[in-house]
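Q: Need the 3D shape of this:
(chains A and B)
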Amino acid sequence: MTTEPRPTNPTNLTTLGQRGRAFLGLIWPYAARILLGSAFIFASVLKIGAPTEMASTIAGYRLLPDVLTPIFAHFLPSLEFWVGLSILIGSFHFRRAGALLCALMLVVFMLAAAQGLVRGLDFDCGCFGFESGRPDFFFFVRDLVLLLAAISVYRSGGGRKTST
Amino acid sequence: MDSNSPSSAASPRGLSFYLAVILTLALISSGVSRLIFGPADPSGPALETNLKLIFFEDFSLMESLLSNPNTVLLDARDPRLYAIGRLPGAVSFPAEDAPSRGQTFLRSLSAGAKIVAYCSERFCPLAEELATSLLKQGASEILVFAPGYDAWSESGRPVERP
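A: As a prediction, this is how the structure comes out:
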């Protein structure tokens, strides 16, 4: 029999760093999923019952034509809800699809906020509820963290393939 | 697709299938939310904070506005009062017509137009009603001459009569 050492075997992890990395590797997909999914569901629940405020917030970005504003006022919170739900409790493929849509939305949100700041508009972010203020540095940090989580869920599927 | 999972071998669906499912669910539920919570009011950016409704008292400011070609002066009173006498160059725009005529009026304005509204006297609410309605329909700044027509004509300044 060969007695070749297998350094990739989790039982052979000796140093704290190796154990730590293995632990992070185990929980990170779940942490990313829970973070992303709950953030999107939380944001959607705050917005879904107030389409008029949502329309005002969207209009504040001065990006969409007036015809599309009320449609998006209903559609965006709904999409956030289903995307959040897919990431949180969806099957493997639903989680990946949700993460892809999520990343797309986060990029669009960041671009929309950036154009508003560049044009010097005085607008409301509407990120988590209304009257949440003009997007600031923290907004971009938060969106980037969520974007990283979305990319990781998209790449890994956020956990085991056969789980529900 | 994933060959090591026995259940997915029967349904080799691509990512686009799952994307379509999520988007369809979102479309359906946005329709449901429209039914439950009512349509989003398209009348515009109520939360936008750069809307301005400015009341002013100064007669000399009113005089300089009257001599400015960019000024659009609106008489918010009843058309019958407008017919008797009005500020020079004023256009009759009763406040009750604002919801129906506002959009057409705002589109007809040239760039840089300054909207000024007035009513008969200080406690007459029509100028404010007119201004609020026009702001809701997309105007960004409206001035209201608070003393109104009566104070203007009593001060001996020129008025327009038929």
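Q: Is any residue of the host helix or strand of A:Ala150 near chain B?
A: Here A:Ala150 is covered by helix A:137-156, with elements defined by DSSP states H and E. No: counting by Cβ under 8 Å from any Cβ of the partner chain, chain B has no neighbours in helix A:137-156; the shortest distance is 9.4 Å. For glycine as for every other residue, the C-beta is placed from the backbone atoms N, C-alpha and C.
Q: Any figure for the gap between B:Pro79 and chain A?
A: Taking Cβ to the nearest Cβ, to the nearest Å as the criterion, B:Pro79 is separated from chain A by 30 Å.
Q: right, and that residue touches B:Ser92 too?
A: Yes: assessed by Cβ atoms under 8 Å, B:Pro79 is found in contact with B:Ser92 at 5.3 Å.
Q: Mind listing what's buried along stretch B:154-162?
A: The neighbour-count check on stretch B:154-162 (16 or more other Cβ atoms under 10 Å in any protein chain shown) flags nothing as buried.
Q: now it: how far from the chain's centre is it?
A: How far stretch B:154-162 lies from its chain's middle: 30 Å, per Cα atoms, centre = their mean, to the nearest Å.
Q: for it, how far is the first residue from the last?
A: End-to-end distance of stretch B:154-162: 18 Å, with Cα to Cα, to the nearest Å as the criterion.
Q: residues making contact with that stretch?
A: Identification of contacts with stretch B:154-162 by Cβ atoms under 8 Å, 6 or more residues apart in numbering or on different chains yields B:59, B:63, B:83-90, B:149, B:152-153.
Q: What of stretch B:131-138?
A: B:43-44, B:46, B:51, B:53, B:95, B:98-99, B:102-103, B:105-106, B:115, B:117, B:142, B:144.
Q: Quick check: ChimeraX command selecting the buried ones in the contacts of stretch B:154-162.
A: Those of these that count as buried under 16+ other Cβ under 10 Å are selected in ChimeraX with:
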select /B:85,86,87,90,149,152
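Q: Out of the contacts of stretch B:154-162, name the ones that lie in helices.
A: Under the assignment DSSP state H, the contacts of stretch B:154-162 contribute B:Phe59, B:Glu63, B:Ala83, B:Ile84, B:Tyr149, B:Trp152, B:Ser153 to helices.
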